[in-house]
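Asker: Predicted model, plus sequence, below.
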Amino acid sequence: MPRAKKSTQEAGPSSGKRKAPSKRTSKQPATYDDTKFETEDAWLAYKHDISRRTILPERRVLTSDFANELLGHVIARNQWESFVATPRVAYVEIVKEFYANIHENLDNPDHPQYRQVYVRGQYIPFSPMEILRYYGLDNMEADIFHTAHTNPHEVVTSLCQGIDHWPDGSSTLDYRSLLPQVRTLDKMVSANLLPTTHTSTVTMERARLLHWLQTKTLHLGNYIFCNIWHIRNNRDVWHFHR
């Protein structure tokens, strides 16, 4: 708790000029509100951590000029026309409350709120299948993304020209080393699938996803669900899907 400032009379030696009283700008701590948070633990997670986090919203990707390029083929193969459309307005506070309310038993079939999240007084279904329904998709035959089985050298060879191995001692690739068609695909990935403002370099996670999307479909519901679950557990920067 911040300490109160001393009055001017108690402040010790000064130049003789009287200081104007400071205006109190800090707000009193919010109290637990059970219409917003399922449990007090969820509220505490919001108060001490999630409320201070940065939200990276999805961004619009104009695809009309890329119909015959790699990006256009990826969108058509995955039926992602609605997914990459103009994002709807997102309410940041509700997004943060949503993350705070994701409980540790979300994926436990024996829990009463299995794959449900408390949002503003009611439980909403949240699962890979519900995410697919939201985007009007039924591609349950899509491939499950497995990063652990992707060889980094194979990734680099497919994404870059003249590079056959991941840069020694580096955790990222230079964006300029990507093939032109891969750069275009990366614009969509960076705006929708893995929202980020750091586009000058490509992380291993993003590189593996780009490699995967060149030839395979992606189970979008499972991918988003797993990413949100990972973010909730690791308390990283909060990027979200509308």
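Answerer: Received the coordinates, thanks. Please read these numbers as outputs of a predicted model, since none were measured by experiment.

Asker: which stretches of the protein aren't confidently modelled?
Answerer: Flagging of the chain using pLDDT under 70 yields the residue ranges 1-30, 62-68, 139-140, 148, 235-242.

Asker: all helices for it, in order.
Answerer: Ranges of helices in the chain, per DSSP state H, are 40-48, 70-78, 92-101, 128-134, 152-159, 180-188, 204-215, 220-234.

Asker: The ones you listed into CSV, with extra columns for distance to residue 121?
Answerer: C-beta here means a position set from N, CA and C on the backbone, and glycine is covered the same way. Listed next are the helices of the chain as CSV, based on distance: least, CB to CB, whole Å:
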stretch, distance to residue 121
helix 40-48, 13
helix 70-78, 35
helix 92-101, 11
helix 128-134, 19
helix 152-159, 45
helix 180-188, 36
helix 204-215, 35
helix 220-234, 21
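
Asker: Export those to JSON lines and append columns for distance to residue 143 and mean neighbour count.
Answerer: Below are these laid out as JSON lines (distance: least, CB to CB, whole Å; neighbours: other CB atoms under 10 Å):
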{"stretch": "helix 40-48", "distance to residue 143": "33", "mean neighbour count": "16"}
{"stretch": "helix 70-78", "distance to residue 143": "10", "mean neighbour count": "18"}
{"stretch": "helix 92-101", "distance to residue 143": "27", "mean neighbour count": "19"}
{"stretch": "helix 128-134", "distance to residue 143": "13", "mean neighbour count": "16"}
{"stretch": "helix 152-159", "distance to residue 143": "16", "mean neighbour count": "16"}
{"stretch": "helix 180-188", "distance to residue 143": "17", "mean neighbour count": "19"}
{"stretch": "helix 204-215", "distance to residue 143": "8", "mean neighbour count": "20"}
{"stretch": "helix 220-234", "distance to residue 143": "10", "mean neighbour count": "17"}
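
Asker: Could you say which one of those helices comes nearest to residue 120?
Answerer: With CB to CB as the measure, helix 92-101 is the member of the helices of the chain nearest residue 120 (7.0 Å).

Asker: Identify the residues contacting the closest one?
Answerer: Contacts of helix 92-101 with the rest of the structure, by CB atoms under 8 Å, 6 or more residues apart in numbering, involve 36-38, 42-43, 45-46, 50-51, 53, 55, 117-120, 228, 231-232, 238, 240.

Asker: Could you rerun that using 6 Å?
Answerer: 36, 38, 42, 45, 46, 50, 55, 117, 118, 119, 232, 240 (CB atoms under 6 Å, 6 or more residues apart in numbering).
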